[in-house]
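Novice: sequence first, then the predicted structure:
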Amino acid sequence: MENSVKPKRGNKALTWTLRVLLFLVALFFLIFSFDVFGEPGRSTWEIIQGFLVHNIFTLILLIILYFAWKWEQIGGALLLLVGLAMVLFFGGPLHIMCHTWLMISLPVILGLLFLCNFYFIKSKN
């Protein structure tokens, strides 16, 4: 039986950098969820619900990080889809404020970099 070795794709250092950056972007979005703790008069259950709702996008990014860790091209494509979904969620490209474009561009840029690393950058191995 012939032992087939899957060829390595992309630059290993760039792959790790993109993984860390995606984790940091997820943490960036996590920071926005802490505003639920500063609202007076809310019950503990309401605070927990608000915290979970605010972290849906963070959980989606962490799930995508899992896929990007195993299959870089799938993770990149999912990040592009998340960027498109965010544009639609915020009401389309004509209704999006300047600071929202920054939030949308982070996953899109990372998705493009994941895909470019997988398809266009040669491995040093």
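Specialist: Perfect, thanks for sending it.

Novice: buried set for stretch 21-29?
Specialist: 22, 25, 26, 29 (16 or more other C-beta atoms under 10 Å). Quick note: C-beta positions are derived from backbone N, CA and C, even for glycine.

Novice: again, but for stretch 89-98
Specialist: Quick answer for stretch 89-98 (16+ other C-beta under 10 Å): residue 96.

Novice: one step back: among the buried residues of stretch 21-29, which pair sits farthest apart?
Specialist: Greatest spatial distance in the buried residues of stretch 21-29: 22 and 29, 11.0 Å, computed using C-beta to C-beta.

Novice: who's in contact with the host helix or strand of residue 58?
Specialist: Taking DSSP states H and E as the criterion, residue 58 maps to helix 56-70. The contact list for helix 56-70, computed with C-beta atoms under 8 Å, 6 or more residues apart in numbering, reads 18-19, 22-23, 25-27, 29-30, 33, 74-76, 78-79, 82, 107, 114.

Novice: using PDB, write out the CA atom coordinates for that helix.
Specialist: Output of helix 56-70 as PDB, limited to C-alpha atoms (Å, rounded to 0.1, in the frame of the first residue of the first chain):
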ATOM      1  CA  ILE A  56     -23.700  35.000  19.400                       C
ATOM      2  CA  PHE A  57     -21.400  36.600  16.900                       C
ATOM      3  CA  THR A  58     -18.300  35.800  19.000                       C
ATOM      4  CA  LEU A  59     -19.400  32.100  19.200                       C
ATOM      5  CA  ILE A  60     -19.900  32.000  15.400                       C
ATOM      6  CA  LEU A  61     -16.300  33.400  15.000                       C
ATOM      7  CA  LEU A  62     -14.900  30.700  17.400                       C
ATOM      8  CA  ILE A  63     -16.700  28.000  15.500                       C
ATOM      9  CA  ILE A  64     -15.300  29.400  12.200                       C
ATOM     10  CA  LEU A  65     -11.800  29.400  13.900                       C
ATOM     11  CA  TYR A  66     -12.200  25.700  14.600                       C
ATOM     12  CA  PHE A  67     -12.900  25.100  10.900                       C
ATOM     13  CA  ALA A  68     -10.100  27.400   9.800                       C
ATOM     14  CA  TRP A  69      -7.800  25.500  12.100                       C
ATOM     15  CA  LYS A  70      -8.600  22.200  10.400                       C
END
